[in-house]
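Engineer: have a look; sequence and predicted model below, questions after that.
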Amino acid sequence: MRRHEKMQDETIVQAVQEGDAVTTSGAEPPSEMSVLQAELELVKGERDQLLDRLARLQAEFDNARKRESKERLDAQDRAVSRTVEPFLGVMDNFQLALKSGGTAEQLRAGVDLILKQMDDALKGLGVQPVEAVGAQFDPRIHEALGSIETKEIPDHQVVEEIRRGYRIREKLLRPALVKIAVNPAQVAE
């Protein structure tokens, strides 16, 4: 008798899952308890499937976040490596210059060579110095720290560079600090 009821419950569960109307072939109609039990089993099954799917989606999201973080750090490391590598030779030459026991003139010549190597490294990164001495003063790339009155140089021409300015392509990294000419003859005109 017990086995018969179990088989009947399984049949009801299957019918409920398939959306069929629940009917029994036997003379006994399904009890309300059996129908509710079948619906409960169906809902539990759906819940388990949803929980499993949620767990898989959470794991995929965590993996994607870890992968994105690792890729971002790798890209940052590559950018720093490309930027630093040209300057490693410059550092080596500074250390060699400090260890050498030459005269002041030899040290100066060595530092000039290192400075040229540094300029080449900056050019390799697309960094160019701002044109200064002899150029017309441009407030977009120059910052005037003073003026020199003269009749020999056109008004507002840069006559002295105090600190070199740099730009990368068209973007200004820092302005050149300069002194400019003030020509009273041209100012009066």
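Structural biologist: Sure thing, it's come through.
Engineer: could I get the full set of strands for this protein?
Structural biologist: 127-129, 142-149, 158-163, 166-168, 171-174, 176-182 (DSSP state E).
Engineer: how many neighbouring residues does the closest residue to residue 97 other than its chain neighbours have?
Structural biologist: Leaving aside its sequence neighbours, residue 97 sits nearest to residue 110 (CB to CB, 6 or more residues apart in numbering; 4.5 Å). Every C-beta, even on glycine, is put in place using the N, C-alpha and C of the backbone. If you count neighbours by other CB atoms under 10 Å, residue 110 ends up with 17.
Engineer: relative to residue 95, how far out is residue 110?
Structural biologist: Distance, residue 110 to residue 95, by CB to CB, to the nearest Å: 11 Å.
Engineer: just the strands of the chain: most buried one?
Structural biologist: strand 176-182 (a mean of 20; mean count of other CB atoms under 10 Å).
Engineer: show me the contacts for residue 78.
Structural biologist: Applying CB atoms under 8 Å, 6 or more residues apart in numbering to residue 78 gives no contacts.
Engineer: where in this structure is pLDDT low?
Structural biologist: Applying pLDDT under 70 to the chain flags residues 1-27, 187-189.
Engineer: can we see that at 90?
Structural biologist: Within the chain, the segments meeting pLDDT under 90 span 1-32, 82-83, 85-86, 89-90, 93-111, 124-125, 149-155, 169-170, 183-189.
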